[in-house]
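**Student:** Quick one: sequence and predicted model below, then my questions.
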Amino acid sequence: MQKNNLGYPRIGARRELKKACERYWSGKIDREELLSVAEKLRRQNWTVQQEAGIDLVPCNDFSFYDQVLDMSLSLGAIPKRYTPVLTQNRENTELDLYFAMARGYQKDGLDITAMEMTKWFDTNYHYIVPEFYKEQEFKWFSSKITEEFTEAKKAVKKTPKPVLIGPVSYLLLGKEKEEGFHRIDLLKKLLPVYVEILSELKALGAEWIQLDEPFLSLDLTEKEKEAYKTAYEAIAKACKGINIMVATYFEEPGDNTALAVSLPVSALHIDLVRAPQQLDAILEAAPESLSLSLGVVDGRNIWKNNYEKSLDYIRKAIDAIGEERLFIAPSCSLLHTPYDLDAETGIDPEIKNWLAFAKQKLGEISDLSDILEGNEGLLEENRKAIESRRISSQIHKQEVKDRVAAISEKDTTRHVGFALRQKIQKNRFGLPLYPTTTIGSFPQTTDIRRLRARLKKGELTRAEYEARIEKATIEAIRTQEKIGLDVLVHGEFERNDMVEYFGELLEGFLFTRNGWVQSYGSRCVKPPIIYGDVSRPEDMTVRWSRFAQQHTDRIVKGMLTGPVTILQWSFVRDDQARSATTFQIALAIRDEVVALEKAGISMIQIDEPAIREGLPLRKKDWPAYLNWAIGAFRIAASGVQDETQIHTHMCYSEFNDIIEHIAAMDADVITIETSRSQMELLEAFADFKYPNEIGPGVYDIHSPRVPTVEEMVTLLRKASALLPEENIWVNPDCGLKTRKWEETEAALTNMVQAAKKIREKVEQVVS
Ligand code: GLN
Ligand code: ZN
C-alpha cells in the first residue's frame, strides 16, 4: 500500500521562513538570500518525508505567504491595482508583486491596499482571498508550480506529487468584486489555464497530481455541483495519462458522495479523522477505476495516532476494494501541526508519549504500513501509549467530570430576566446615556513586553515584575480618568495573550517551546495543548482587577476570556467531545467570575471573539454546536447576582445568521466591531429587536488613524436610529494592545467628546 502525504509545514522548525521574510521586507537581506532560505527549507522537508518512506511526497506545498495567493499568481488573477508595482520600479520582481498583493505596497510613491484575508475553513490559518472581476481573464503567469516540481524531482527519488488547489475550490475561495456575475461562471475561462499547467507537469514527468477540493465536502448548490462535473470532465479529456487525486478534508462529501466518486479522476482522498462514518458509503460507491487515499492520521491535532483504530479502517478498505487501490495518508495537509516533537525537551515524558507533531505523523504513516506487513511490535508499543493516556491520573479528575455532569438548567440562567436586571443595574451604576468604555487591553509597549521576557530569563524577580505591571496599570487608570471614560479597565498589561494567560493558570493545559503553526504570512501562533480535565486551582485575574479598582472611584470592568475562545485557539483533546472540554473551561471561568464579584468588581466582561469561527462547516451541524457553545457561555456568566453586569465582546460583525443565538447568550452588554462597516451590521440587531445593551464600535483599532469627533458622532447617530437609546454604549471596535499610546489617547478623547455631543442632542429633544 502506498504512503501519501498531502502537504508539510513550511515555516521551518525554527520559523526560519518567517524570520527571512521579515528581514527581506525590512530590506535587511536581499532576494537571493531569501530564496536560498526557502530552497533549503524545501529540501529539508522533502528529505524528511523521503526518509520516513513516503511514496507520494508533495511539492508546491511550499509558500512564501499563502498557497491560495500562489495559485492566484499562477493563474494570473492579479488585480489591476498591482500593475504599477512592476512598472514603477523596474527592480521589483514577481516576488515583490506577490508580497504587494499579500501586504499592500507603500513605496515608490504608490499606496496600494493589500488583498483581503480570511480563515481557511475551520482552521486558524488565513488565506488571501482571490479577487474576481466581471471581465476576469486568467493566464498562466507564475511558473512556481513547474519550477518546484523540477526542483523536487532532483531532491527525491520517487516522482514527487505537485499539489494545487482544484479549479472549483479556487473559484469558491474567492470573491466577486463587482456585481453582475457569479464567480463559478468564470470556470470556462479558468479551465484552459489549469489544463495548460497540468499538461506541462505531465510533460515534465509528473505521475500524480493532487487537486485540493475541500468544498466537495461542504454544502453545494446545484450550480456548484455542475461545475465539479464540467471541470473534471474537461480536465480528464484534455489531460490523458495524468493521475489526478482529488483531495477532500475537514468534512465528508456526505450528500456529495455520488458526485465525488463519479468524477473522472484516479483517486479520491477522504478525511477519516473528522468523518470516519463516511468510509462505508465511500467504499460502497467507489467505482473500480477509483483509488482511495485514507486520511487516518490527524493533520489538525497533535495526538498520537491510535493504530488499532486506524488499522480497522484500513483493513476494512482492503477487504472491500483491495490494497492496490489504497493509499495511507494524514487526514489533511500537515500544515496545521507543529514541526517536531523531538524539539520539545520540557514536556513531561508521560504526556509527551501521547503526542505526535508533523515529523512524528510521517512516522505513523510508515508504521501503519509496516504493521500491515507484519511488524506487530510497533502495534504493541502504540497500544501501551494509548492505554497510558486513557487511564492517566494526569488527565482524569473525577471531581471535574462530576461537576460537569451535575450542570443543570439553573446554572445556565441568571436569576431574573434582562428587563429587570437592566433596571437594577441602571439604578446601581447611575451611568449617563451612551456610557463610554473600552474593550480591555491598552497598548502593549515594547517596555511591557520586555518585562515579561526579563522575568522569564530571571533578570527580574516576580515581585519586581509585578511592581512594574502595577505601575503601568495605575498609569492607565489615571489616563482613562483624564480622558473621562465612564467605565474603566485595568489594561491587561499582565497578559501575554488572551488565551495563553488563562491556559498557564488553569490545570489541564500544556505549553510547548517550539510548537509553532502558521496563522497567516509570517505570523505564527503556538496554541496551548489541552490534555486533561480543566480546573482552576486559584484566582487568575482577581488580583489585577481588584488592584485597579482600589485606585479609582470609577467602575473598573473585570476582563476574562470565554470558554469557546479558549477552546477554539488551542489544540483540544480528542478523547472526549469538544463540548465536554468547553463545559469544563466554562466552570473554571464561572468560578473566576464569581470570585471577581466577591472582590467587588461589578462589571465583568467575558470575551468570546471566536464563537463564530467555531461554526461547523456544514449548516446541518450548526444547531448542535451553537447549543453547547452558547450554553458554555451561559454557564460562565450565570453565577452572579442580578446587579452584577456581564459584558461580552466579539470582534467580527456578521451576526445575521446567528443573531438569535447571540441574543440567547443573554449578556447584559455586548460590544462588537462595526466602525468599518459604518454600522450596517447593526441592522441584524435592529431587525431582530435585540433586547440587551450594545456597544457598536466607533473607532477602528486596526488602523493608526485617529477618528474625528464628527465621524464618531455620525456613527452614533446611525446607531441611535436603529436601537433604543438607553441600550447604546460607546466604545472602540476591539482591544487597543496593538496601538500606540499617543493615538489611543487622542482617539479615546475624541470618542468621549462624541458621546457628550450625542447626549446633548438627546437632552435638547427631551427639554
Ligand atoms: N479584551 C481583549 C482585548 O482588549 C479582547 C481581544 C479580542 O477581542 N480579540 O485585548
Ligand atoms: Zn475584539
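**Tutor:** Okay, I see it. Ligands and ions are numbered 1, 2, ... in the order given.

**Student:** interface residues of the protein facing ligand 1?
**Tutor:** 439-441, 492, 498, 559, 607, 609, 649, 651, 734-735, 737 (C-beta under 6 Å from any ligand atom). Using the backbone N, CA and C atoms, a C-beta is placed for each residue, glycine as well.

**Student:** Now do the phi/psi pair for the nearest residue to residue 298 once chain neighbours are set aside.
**Tutor:** In space, and not counting its chain neighbours, residue 298 is closest to residue 273: 4.5 Å by C-beta to C-beta, 6 or more residues apart in numbering. Recorded main-chain torsions at residue 273 are phi -90, psi -50, according to degrees, to the nearest 10.

**Student:** for the record, mean pLDDT for the helix or strand hosting residue 282?
**Tutor:** Using DSSP states H and E, residue 282 sits within helix 279-285. Averaged across helix 279-285, the pLDDT comes to 98.

**Student:** Kindly export that helix (C-alpha atoms) in PDB.
**Tutor:** Only the C-alpha atoms of helix 279-285 are listed here, as PDB (Å, rounded to 0.1, in the frame of the first residue of the first chain):
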ATOM      1  CA  LEU A 279     -16.000   5.100   5.000                       C
ATOM      2  CA  ASP A 280     -18.700   2.500   4.300                       C
ATOM      3  CA  ALA A 281     -20.600   4.700   1.900                       C
ATOM      4  CA  ILE A 282     -17.400   5.700   0.000                       C
ATOM      5  CA  LEU A 283     -16.200   2.100  -0.300                       C
ATOM      6  CA  GLU A 284     -19.600   1.100  -1.500                       C
ATOM      7  CA  ALA A 285     -19.900   3.800  -4.100                       C
END
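
**Student:** Can you dump the C-alpha atoms of the next helix-or-strand element following that helix in PDB for me?
**Tutor:** For helix 279-285, the following helix or strand on the C-terminal side (DSSP H and E) is strand 291-297. Written as PDB, here are the backbone C-alpha positions of strand 291-297 (Å, rounded to 0.1, in the frame of the first residue of the first chain):
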ATOM      1  CA  SER A 291      -8.300   4.600  -5.800                       C
ATOM      2  CA  LEU A 292      -8.800   5.900  -2.300                       C
ATOM      3  CA  SER A 293      -6.400   7.800  -0.100                       C
ATOM      4  CA  LEU A 294      -7.400   7.100   3.500                       C
ATOM      5  CA  GLY A 295      -6.700  10.000   5.800                       C
ATOM      6  CA  VAL A 296      -6.200   8.200   9.100                       C
ATOM      7  CA  VAL A 297      -3.500  10.300  10.800                       C
END
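
**Student:** For the stretch 1-150 of the chain, which segments count as strands?
**Tutor:** 2-3, 58-59, 117-119, 126-128, 131-132 (DSSP state E, counting those that start in this stretch).

**Student:** In CSV, list those along with mean neighbour count.
**Tutor:** Listed next are the strands of the stretch 1-150 of the chain as CSV, based on neighbours: other C-beta atoms under 10 Å:
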stretch, mean neighbour count
strand 2-3, 20
strand 58-59, 26
strand 117-119, 15
strand 126-128, 23
strand 131-132, 22
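
**Student:** Quick one, which of these gets closest to residue 295.
**Tutor:** Ranking these by their distance to residue 295 (criterion: C-beta to C-beta) puts strand 2-3 first, at 12.2 Å.

**Student:** Near whatever residue of the stretch 601-750 of the chain ends up closest to ligand 2, how many other residues are there?
**Tutor:** Proximity of the stretch 601-750 of the chain to ligand 2 (C-beta to the ion) peaks at residue 651, 2.6 Å away. Using other C-beta atoms under 10 Å, residue 651 is surrounded by 19 other residues.

**Student:** same question, residue 660
**Tutor:** 12.

**Student:** That one reaches residue 688, doesn't it?
**Tutor:** Yes: Residue 660 is in contact with residue 688 according to C-beta atoms under 8 Å; the separation is 6.9 Å.

**Student:** which residues do those two both contact?
**Tutor:** When C-beta atoms under 8 Å, 6 or more residues apart in numbering defines a contact, no residue borders residue 660 and residue 688 alike.

**Student:** residue of the stretch 251-400 of the chain with the smallest distance to ligand 2?
**Tutor:** Counting by C-beta to the ion, the stretch 251-400 of the chain gets nearest ligand 2 through residue 336, at 23.3 Å.

**Student:** these two touch, right, that residue and residue 302?
**Tutor:** No: assessed by C-beta under 8 Å, residue 336 is found out of contact with residue 302, at 9.7 Å.

**Student:** Count the neighbours of the nearest residue to residue 88 once chain neighbours are set aside for me.
**Tutor:** Excluding its sequence neighbours, the residue lying closest to residue 88 (C-beta to C-beta, 6+ apart) is residue 108, at 4.9 Å. Neighbours of residue 108 under the rule other C-beta under 10 Å: 12.

**Student:** wait, residue 108 sits on residue 89?
**Tutor:** Yes: taking C-beta under 8 Å as the definition, residue 108 is a contact partner of residue 89 at 4.7 Å.

**Student:** Same list (the strands of the stretch 1-150 of the chain) but as a markdown table, adding distance to residue 427 and mean pLDDT.
**Tutor:** Conversion of these to a markdown table gives the following (distance: least, C-beta to C-beta, whole Å; pLDDT from 0 to 100):
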| stretch | distance to residue 427 | mean pLDDT |
| --- | --- | --- |
| strand 2-3 | 68 | 98 |
| strand 58-59 | 64 | 98 |
| strand 117-119 | 42 | 89 |
| strand 126-128 | 45 | 95 |
| strand 131-132 | 52 | 98 |
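
**Student:** can you put the ones you listed in CSV and add distance to ligand 2?
**Tutor:** Shown next, in CSV, are those (distance: least, C-beta to the ion, whole Å):
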stretch, distance to ligand 2
strand 2-3, 43
strand 58-59, 36
strand 117-119, 15
strand 126-128, 16
strand 131-132, 26
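
**Student:** now those as a markdown table including distance to residue 694?
**Tutor:** Shown next, in a markdown table, are the strands of the stretch 1-150 of the chain (distance: least, C-beta to C-beta, whole Å):
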| stretch | distance to residue 694 |
| --- | --- |
| strand 2-3 | 53 |
| strand 58-59 | 47 |
| strand 117-119 | 25 |
| strand 126-128 | 27 |
| strand 131-132 | 32 |
